[in-house]
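Asker: generate coordinates for the sequence data below:
(chains A, B, C and D)
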Protein chains: 4
Amino acid sequence: MASDENIMPRPLRGIIVPMVTPLLGRDTLDVPGLERLIEHILAGGVNGLFVLGTTGEAPGLSYALRFELIERVCAQVQKRVPILVGITDTSFVESVKMAHKAKEAGADAVVLALPYYFPAGQPELLEYLEHLVPELPLPLLLYNMPSCNGQVFQPETVQAAVEIEGIVGLKDSSADMVYFHQIHSLLKDRTDFSLLIGHEELLADAVLLGAQGGVCGGANIVPKLYVDLYNAVCSGDLAAVELLHKKVIQISTTIYKVGKYESSYLKGLKCALSCMGICSDFLAEPFHCFRDAERDIIHRYIKELKITEYS
Amino acid sequence: MASDENIMPRPLRGIIVPMVTPLLGRDTLDVPGLERLIEHILAGGVNGLFVLGTTGEAPGLSYALRFELIERVCAQVQKRVPILVGITDTSFVESVKMAHKAKEAGADAVVLALPYYFPAGQPELLEYLEHLVPELPLPLLLYNMPSCNGQVFQPETVQAAVEIEGIVGLKDSSADMVYFHQIHSLLKDRTDFSLLIGHEELLADAVLLGAQGGVCGGANIVPKLYVDLYNAVCSGDLAAVELLHKKVIQISTTIYKVGKYESSYLKGLKCALSCMGICSDFLAEPFHCFRDAERDIIHRYIKELKITEYS
Amino acid sequence: MASDENIMPRPLRGIIVPMVTPLLGRDTLDVPGLERLIEHILAGGVNGLFVLGTTGEAPGLSYALRFELIERVCAQVQKRVPILVGITDTSFVESVKMAHKAKEAGADAVVLALPYYFPAGQPELLEYLEHLVPELPLPLLLYNMPSCNGQVFQPETVQAAVEIEGIVGLKDSSADMVYFHQIHSLLKDRTDFSLLIGHEELLADAVLLGAQGGVCGGANIVPKLYVDLYNAVCSGDLAAVELLHKKVIQISTTIYKVGKYESSYLKGLKCALSCMGICSDFLAEPFHCFRDAERDIIHRYIKELKITEYS
Amino acid sequence: MASDENIMPRPLRGIIVPMVTPLLGRDTLDVPGLERLIEHILAGGVNGLFVLGTTGEAPGLSYALRFELIERVCAQVQKRVPILVGITDTSFVESVKMAHKAKEAGADAVVLALPYYFPAGQPELLEYLEHLVPELPLPLLLYNMPSCNGQVFQPETVQAAVEIEGIVGLKDSSADMVYFHQIHSLLKDRTDFSLLIGHEELLADAVLLGAQGGVCGGANIVPKLYVDLYNAVCSGDLAAVELLHKKVIQISTTIYKVGKYESSYLKGLKCALSCMGICSDFLAEPFHCFRDAERDIIHRYIKELKITEYS
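Answerer: Purely as a prediction, here's the structure:
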């Protein structure tokens, strides 16, 4: 059976999409929207799908809904691209449980940010990984996300952590390129390791200077743009890089900046997908979808940036 | 049947104990330890038990274990004091589910910090509370805990939130007494509202200047100390306040400061309880109990401070 | 001659006023306003005058103006109360120079926060103090002000620093009472040492639990209020403490909260003094005085709180 | 006379060196060291010299020493490259005074970070610039340095500020490339404006994606490396970029990381210059030069990285 085969390449390269979770209500998936979204993303030529990340609002969803999502996504993707499942949790036991659900459903890897809530020391975090990774039935990508989980992941700790058997990559969402270059330098002999950048605004920087790829939220709405930028960098076409990077920054400074809270990124993404007829823009608590005024602005941006024509 | 009666006073006053969760392993309660701990705490004359708070390591526990804990505590306490249950979660749906478990088990109130992980704006947080509180089957105490959940709870938002039917108190763990005095001033006409202080080091300050009581982690090991301090303040005995406050600060600057990470508070508390023969010192991941060197220091502090003689 | 006598008591106790600096323009003192302000403050029965602190906008003033201010204040006060001069600077050499100016003018002590701009380690800060203090011609009060200078002053560093000959006190403006109680506990054997609280909202807390006094910005406008609160605490009159503390919080939540930036504290203080006819409300760059709309609100608060009748 | 001619190009491009300030003591320049340092830097083919920045320890120096430094540097450079002078100060009046000193000595531009110490709102900071810039006798480069001055410089404020007549560039030391790309996008129509990156680790990223150049501390020790990297980017030689960027990261993760405080950057730079026989490694308070153990490590790094052979 297809789901027994693990199609995760080593290293994983290219554009991985942190998929939004289409919702009809607080505890209800938008199933047709999910199906359309997956096909829309895969049509862009991306290299992987990452469900239940920050963009997927994982912490805001019930466990039952998370399980349902994993199953539906795996069933629909049918191994066309690798599926990565976020298992970040404050509870070790729940993280392991989620990883087993992912394995059973046919996912190819899991992604884990450090446990949040109570601040931990670096040796404590390393020990946590040493305890956790052997319990996981799938390869693991670490996820550095200090702005959300409040845990610093120092280079020395990363260096020790990547030696743990089973860790195959790191997604860095620190937005700190000094840190990123330092991590890249530490990993220079690991040819099988995947260092991915977590902010699409930094995709060009990171891949130009050594990253294997990026996890780009905007690829939910316009996947081909990020694939094209990745390819332009790989082929050394700096003129194309400049143009495509400029487009990425335009999306980031328009669609993600409507509304005044940090959640404007999530709201903008889901609103754009709704305007494009792909899926519902319902958000998990404590957030809500944009009202008409903001939606009109998003609509205008989609036209101005010719989002729907990009294919 | 006893469990149908809600014994939560309005306002709740005095010393509420944020109970540690005795564990034998990553997903196993220390049941005899839990029973001893509850009796030890109640013998100190406290006014309430708060399970599944930060001190109770709630976010680090599996849901199954949390449910088991609630049931065991309610069954043993048998309405001798009100039981408050922490329902803080990143997921709205899971918070509501936990509240219903608490109600079914016979608890008297729930306690909720703002949802963590993704930063939210103040109006978003207020709306979240407006949506959540009507779904709860028990009265709610808000819990301001910015150091752990990363969410600011501005005075204007508190002022609007406390108007929501069903919110009966606020535990402030900001450690910011300027903020606390401002909140107290906003609540001056709410005679049925309970403003509690979340740092035992500030118990004297807060009750001297208007708080209804405190949620004191140290009351796990020496409950009578905090009860005596609370009573000394209530009776205006400033000489006794000075002595007892000094003792509270001694505990805080010794038992909570062994080891170099922020978790030294949790580790110190559990280690002291273990030294005193009350319960196991196993901690939920990503933390671990003190090794022998630190344990010896805790042992010495217990003797020097005459913790076990205080009764 | 009077100015040779140092009238600084050991320990310094009571209410010290961090005097605002009355200005007519960017580099011009409001000399008549300064004279009225000093007499207004001294009439309230305060225990000391602290010039060139944060409330005095010291960092925003030219050195020439700072020197002129010191001379004028010393000349007018004529040893009626001790004068403390802020010498905080990013430059060691300029701090020492300012201290000598203070000594020459007849001041009684200097006050120093840790040097700001570039972050320093705790041993570096301790060594800095070990180098600086012997160069000072006057006794020194340390000034913990992390929100402005960005330097943490850990309890261990404070404990070592207070052993340096010449350091006679510490003003804590961390607004962190857990820290404050810890520092107080470390200093318990230093009967000649003055631990002062830097937020007037915490004056009652701090003095009730061991501080020698407070540095209260509001004492620029209504000095007697803080003197009365200090005396109420000293005499153990908890009913009076409650009333006066409530008044302090009222000022803090009204006059200091007009306008939306953090500078609303400075603007509110100077605007109130201007409304009361005491001195100009010109502020040093990058701030400006309130416009009419905000001034009207301040005027109303002065009336509602009966500020001018409090004497 | 040479000093009357302003040789600042519009836009300024390439590698600008934030020169360290060679000191023999707390208030004494290392004059021969300064001369050697200037010639060493200019031999590397750099495009400008920036004195009295963060790397130049400006805030830690007395004003008299700062004035002397400006004069000596201008006299020696003799218009071979443009000289930029840091005038950042907490006091508006002192900033203006420093700018006039710079003009008189023959400097070509001034550089200003937002005033530090007391936090200000964005409109306050904009107004400050509107008041200050007209008083300056030289063109101004803004300097975004949130880690040291604690002031955020929001894109909207930058956008308004760059319209002020006299502002010709922005040095961004936020280390936040998402921000940097956004600022770059806002400035896209300003062909005469110079956007410079303030972290040498980000030089390749920034110039590849649109920056005019960088302000590189490492160019004090090995100026040609940064010039070569800049040129490699300009000529689109990605293989050379990769090699040179790697070398830059090696310096950053070795020479700047000896010692455990943030000042290790400053100490490492000065120690390396001392090891290379260029100038003294004395640091302004509150810092001190490395002791023998750290110096030995720096020595080894210089050899391993073949710093002195790079020419």
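Asker: number of residues surrounding A:V81?
Answerer: 21 (other Cβ atoms under 10 Å in any protein chain shown). All C-beta atoms are positioned from the backbone trio N, CA, C, and that covers glycine.
Asker: typo on my end, it should be A:V133
Answerer: 19.
Asker: in a helix, it, correct?
Answerer: Yes: counting by DSSP: H, G, I helix; E, B strand; the rest coil, A:V133 is located in a helix.
Asker: tell me if I'm right that it and A:E163 touch.
Answerer: No: under the criterion of Cβ atoms under 8 Å, A:V133 makes no contact with A:E163, lying 10.6 Å away.
Asker: mind listing what's buried along the longest helix belonging to chain A?
Answerer: Across chain A, the helix with the greatest residue count (assigned by DSSP state H) is helix A:238-254. Under the neighbour-count criterion of 16 or more other Cβ atoms under 10 Å in any protein chain shown, helix A:238-254 has A:238, A:241, A:244-249, A:251-254 buried.
Asker: next helix or strand past that helix?
Answerer: Counting by DSSP states H and E, the next helix or strand C-terminal to helix A:238-254 is helix A:264-275.
Asker: and the contacts of that following helix?
Answerer: Residues outside helix A:264-275 that contact it (Cβ atoms under 8 Å, 6 or more residues apart in numbering or on different chains): A:20, A:22, A:33, A:37, A:55, A:57, A:217-218, A:220-221, A:255-259, A:279-283, A:287, A:289-290, A:294-295, A:298-299, A:301-302, A:307, B:118.
Asker: still on that earlier bit, closest to chain B out of the buried residues of helix A:238-254?
Answerer: A:S252 (17.6 Å; Cβ to the nearest Cβ).
Asker: residues contacting the nearest residue to the closest one once chain neighbours are set aside?
Answerer: Leaving aside its sequence neighbours, A:S252 sits nearest to A:E201 (Cβ to Cβ, 6 or more residues apart in numbering or on different chains; 5.1 Å). The contact partners of A:E201, by Cβ under 8 Å, 6+ apart, come to A:248-249, A:252, D:177-178, D:181-182.
Asker: now do the buried residues in the helix or strand hosting A:Q159.
Answerer: Assigned by DSSP H and E, A:Q159 belongs to helix A:155-161. Going by neighbour count (16+ other Cβ under 10 Å), the buried part of helix A:155-161 is A:157-158, A:160-161.
Asker: hmm, which two among those residues are most spread apart?
Answerer: A:V158 and A:A160 (7.5 Å; Cβ to Cβ).
Asker: flag every residue of chain A that's near chain D.
Answerer: Proximity of chain A to chain D, by Cβ under 8 Å from any Cβ of the partner chain, involves residues A:175-178, A:181-182, A:184-185, A:199, A:201-202, A:204-205, A:208-210, A:236, A:238, A:241-242, A:245-246, A:249-250, A:252-253.
Asker: now do the phi/psi pair for A:V17.
Answerer: When read as degrees, to the nearest 10, the backbone of A:V17 gives phi -100, psi 120.
Asker: what bridges to it?
Answerer: A:L49 (DSSP bridges).
Asker: A:V73 contacts A:G48, doesn't it?
Answerer: No: applying Cβ under 8 Å, one finds A:V73 not in contact with A:G48, separated by 11.8 Å.
Asker: mutual contacts of those two, please.
Answerer: Common neighbours of A:V73 and A:G48 (Cβ under 8 Å, 6+ apart) are A:I83.
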